[in-house]
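>>> I would like to see how this sequence folds:
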Amino acid sequence: MSLKYSTTTADYLIWSDAMNLIRKLAKDGNYKISLLIALGCFTGLRISDILSLRWKQILNTSEFTITEKKTGKQRTIRLNPQLQQHIRDCYGHIKPIGINAPILISQKGTIFTVQRINIILKEVKKKYRVRIGNFSCHSLRKTFGRQVYNMNSENSELALVKLMELFNHSSVAITKRYLGLRQEELLNTYDCLSF
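Predicted coordinates for the structure are as follows:
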């Protein structure tokens with residue numbers, strides 16, 4: 001938790017670190033958190049939308065549509081074959097009470113809260129020595145954004161426009177700031193100087 005009246009910014013995971021973490025969590029039997037991180041990194045959904053997902057929406061399908069809680073807008077998500085397989089594997093190990101059940105149920109039988117997920121992610125960061133500053137639920141969405149941007153570096157402006165649409169931002173400038181690109185660009189100015 002952050003201190004009262006302080007601001008914290010979620011950092012993003014390096015893609016390879018995120019994929020390794022997903023695999024390690026599954027290998028260690030922590031399928032719920034492995035699935036959470038996979039869904040966050042591969043879909044870019046906000047945590048409130050991930051927590052509202054039910055198995056019937058994501059299991060054995062290549063895409064699904066949700067209404068985002070924050071914006072009220074509909075969004076269609078495509079699941080790539082590797083993520084579809086991971087979802088099936090997690091479903092088989094988690095053994096939920098049924099296809100209509102929420103995907104992330106705690107041991108008490110309730111849907112995880114955002115606060116609890118953030119605590120779990122901090123524990124995961126420590127246990128697996130994850131290389132990230134501030135690791136929270138929002139880190140997963142930022143990891144998705146950073147990877148989309150990095151994969152399209154030859155046409156970064158188009159990538160930013162796509163992300164602006166996916167994130168429902170009102171401008172590319174907001175998307176750049178959100179991904180931390182604006183600050184990076186400013187700091188790179190210092191690197192141009194030589195002695």
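>>> element containing the nearest residue to residue 151 once chain neighbours are set aside?
Of all residues not flanking residue 151 in the chain, residue 159 sits nearest, at 7.6 Å (Cβ to Cβ, 6 or more residues apart in numbering). Just so you know, the C-beta spots here come from the backbone N, C-alpha and C atoms, and that holds for glycine as well. In the assignment (DSSP states H and E), residue 159 maps to helix 156-167.
>>> now for that helix, which elements pack on it?
Counting contacts by 3 or more Cβ pairs under 8 Å, 6 or more residues apart in numbering; DSSP states H and E, helix 156-167 is packed against helix 137-151, helix 172-179.
>>> Mean neighbour count, mean pLDDT and distance to residue 64 added to these, as a markdown table?
Formatted as a markdown table, the helices and strands packed on helix 156-167 follow (neighbours: other Cβ atoms under 10 Å; pLDDT from 0 to 100; distance: least, Cβ to Cβ, whole Å):
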| stretch | mean neighbour count | mean pLDDT | distance to residue 64 |
| --- | --- | --- | --- |
| helix 137-151 | 21 | 92 | 16 |
| helix 172-179 | 17 | 84 | 24 |
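>>> nearest to residue 57, of those helices?
With Cβ to Cβ as the criterion, residue 57 lies closest to helix 137-151 of those, at 17.7 Å.
>>> Contacts for the closest one next, please.
For helix 137-151, contacts defined as Cβ atoms under 8 Å, 6 or more residues apart in numbering pick out 10-13, 15, 18, 36-37, 39-47, 114, 117-118, 121, 132, 156, 159-160, 162-163, 166-167, 175, 178-181.
>>> List buried residues within these.
Buried by 16 or more other Cβ atoms under 10 Å: 10-13, 18, 36-37, 39-47, 117-118, 121, 132, 159-160, 162-163, 166-167, 175, 178-181, out of those.
>>> Show me how this structure divides into domains.
For the chain, automatic domain parsing gives the domain ranges 15-146, 152-191.
>>> ranking these by burial, who's on top?
Most buried of those, by mean neighbour count (mean count of other Cβ atoms under 10 Å): domain 15-146, with a mean of 17.
>>> ranges for the helices of this structure?
Secondary structure of the chain (DSSP state H): helices located at 15-27, 31-43, 47-51, 55-58, 81-94, 114-127, 137-151, 156-167, 172-179, 181-191.
>>> which residues does residue 41 contact?
The contact partners of residue 41, taken as Cβ under 8 Å, 6+ apart, are 13, 15, 18, 19, 22, 140, 143, 144, 147.
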